[in-house]
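J.: Structure for the following, please:
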Amino acid sequence: MENQLRCYSDIVAEVYNAEKIITDTSSDQVDVESVVLNLYRQFEKNAAIDPDLPKLNRNVHSKILKSWLNGLPKSYECLDASRTWIVYWILHSLWLLNDMPAEDILSNVVQFLSHCQHEEGGYGGGPGQFPHLGTTYAAVNALSIVGTVEAYESIDRSSLQKFLWSLRSVDGAFALHRGGEQDIRGVYCALSVAKITNTYTDVLFDKTPEWLVGCQSYEGGFAGCPGMEAHGGYAFCGIASLALLNKSHLCDMDALLRWCVNRQMRMEGGFQGRTNKLVDGCYSFWQGAAFPIISAILSQDNKELIETVFFNQSALQEYLLVCCQARDGGLIDKPGKHCDIYHTCYGLSGISVAQHGTGAGDPHIVGSPRNELNRVHPLHNVAPHFVYNAVHYFIRHPPPVKDKN
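T.: Residues are numbered from 1 along each chain as shown. Take a look at the predicted model:
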């Protein structure tokens, strides 16, 4: 317990200092810290009695996730264009909890996603909707999690490759949909999908590394496009994309690492998405997963860094387990927020990243050993063997149509 949990007095010493200047930003920060500090204070008292704390409430999380897979509350009507995302978030969360649905349910998932596949390639957010790179990424990840021949064969990779070509710009950027905005999320989603489905070619991603490097800001993180502010989700997309392209040496890795390290909140233990923003549970993955990628890159030149994680693994797990578990299941952004499928997925993914770090050595588990989650592949956010199985299946079964612009 002493090695895992930060001392209460140390947490108190790290409370935000507004320097006697009150702004909306500083006021919100003080409010969040006050709530989190009270939760940690109560937790410390409870942990003195129960040494297995904090506990991951995996049963209630699994129960609500499976209920969401069968039917969503009315409040999710506004996410009709994100149904493929919802399927991926639920399946991935259940895999992390090691409680996957039955085979017949997974087959139904494949059938549903087939109805979301557009005749011109890619996947929409729901049946009959226009294709989008984000929902295509979600669908391919979900089908990789299902991992059956039925799932793999449901993907029309010939039209998928044409869809990727239709979104590519001459400078190497990718639009998220036809006629849509170009940003770094498009590049990442296109790369992840292309790599998993064996539709990747060097020509398709010509000039993409140079465009990605142009998104690295003066802060060290990556922005959505050149000239904008660095952001946690964009930073993940940037370094993950460069790693998938084997071009990470083109960016300023020291500046990126410095920026990422400074996004972990000293008192809360979780990550913020941008400078001077509040902690948010979803960045537990978007920021946290950047570290094993960076460690893998740096360890190529220095083998001693292969087990170096570069962030406080215990603090992140404490924030998520103590402050972000909803009583009735699911995870939340921060105390006071409602649970949702998105934060449940990326909160659990963040716990997994914090537990397994670079994948080298023994897991670092806060609380009971029963808290351990399955591992994720930091580049794709599905299990490593799901990536391996899908890639090797598609290598053995190449697309029927040759790559052409």
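
J.: Give me the distance from stretch 173-182 to the chain's centre.
T.: In terms of CA atoms, centre = their mean, to the nearest Å, the centre of stretch 173-182 is found 21 Å from the chain centre.

J.: Please list the residues outside it that contact it.
T.: 130-134, 164, 166-169, 183, 185-187, 189-190, 208, 211, 225 (CB atoms under 8 Å, 6 or more residues apart in numbering). Any C-beta I mention is one placed from the backbone N, CA and C, and that applies to glycine too.

J.: mind listing what's buried in that stretch?
T.: Buried positions in stretch 173-182, judged by neighbour count with 16 or more other CB atoms under 10 Å: Ala173, Phe174, Ala175, Leu176, His177, Gln182.

J.: One more: stretch 378-395?
T.: In stretch 378-395, counting by 16+ other CB under 10 Å, buried: Pro378, Leu379, His380, Asn381, Val382, Ala383, Phe386, Val387, Asn389, Ala390, Tyr393, Phe394.

J.: Could you tell me which ranges of this protein sit under the pLDDT cut-off?
T.: For the chain, the stretches flagged by pLDDT under 70 are 1-14, 400-405.

J.: can you map out the strands along it?
T.: Assigned by DSSP state E, the chain shows no strands.

J.: Now the buried members of the contacts of stretch 173-182.
T.: Buried among the contacts of stretch 173-182 by 16+ other CB under 10 Å: 130-134, 164, 166-168, 183, 185-187, 189-190, 208, 211, 225.

J.: so Pro131 makes contact with Glu119?
T.: No: the criterion here is CB atoms under 8 Å, and Pro131 misses it with Glu119 at 9.4 Å.

J.: returning to that earlier point: out of the buried residues of stretch 173-182, who's nearest Tyr16?
T.: Leu176 (35.7 Å; CB to CB).

J.: From Leu113, how far off is the closest one?
T.: Distance, Leu176 to Leu113, by CB to CB, to the nearest Å: 19 Å.

J.: again with Leu191
T.: 20 Å.

J.: Could you give the separation of the longest helix belonging to the chain from the chain centroid?
T.: In the chain, assigned by DSSP state H, the helix with the most residues is helix 24-49. In terms of CA atoms, centre = their mean, the centre of helix 24-49 is found 25 Å from the chain centre.

J.: Stretch 270-285 now?
T.: That offset, for stretch 270-285, works out to 12 Å (CA atoms, centre = their mean).

J.: try stretch 371-387
T.: With CA atoms, centre = their mean, you get 10 Å for stretch 371-387.

J.: mind starting the numbering at 395 from now?
T.: That works, and once the first residue is 395, the last one we named lands at stretch 765-781.

J.: hang on, the earlier thing: farthest-separated two in the buried residues of stretch 567-576?
T.: Ala567 and His571 (13.4 Å).

J.: before we move on, back to that, keep only those of the contacts of stretch 567-576 that are in helices.
T.: Leu527, Gly528, Leu558, Ser560, Leu561, Arg579, Gly580, Val581, Cys583, Ala584, Thr602, Trp605.

J.: excluding its backbone neighbours, what's nearest the third one?
T.: Same thing as Leu558. Nearest non-adjacent residue to Leu558, counting by CB to CB, 6 or more residues apart in numbering: Ala584, 5.4 Å away.
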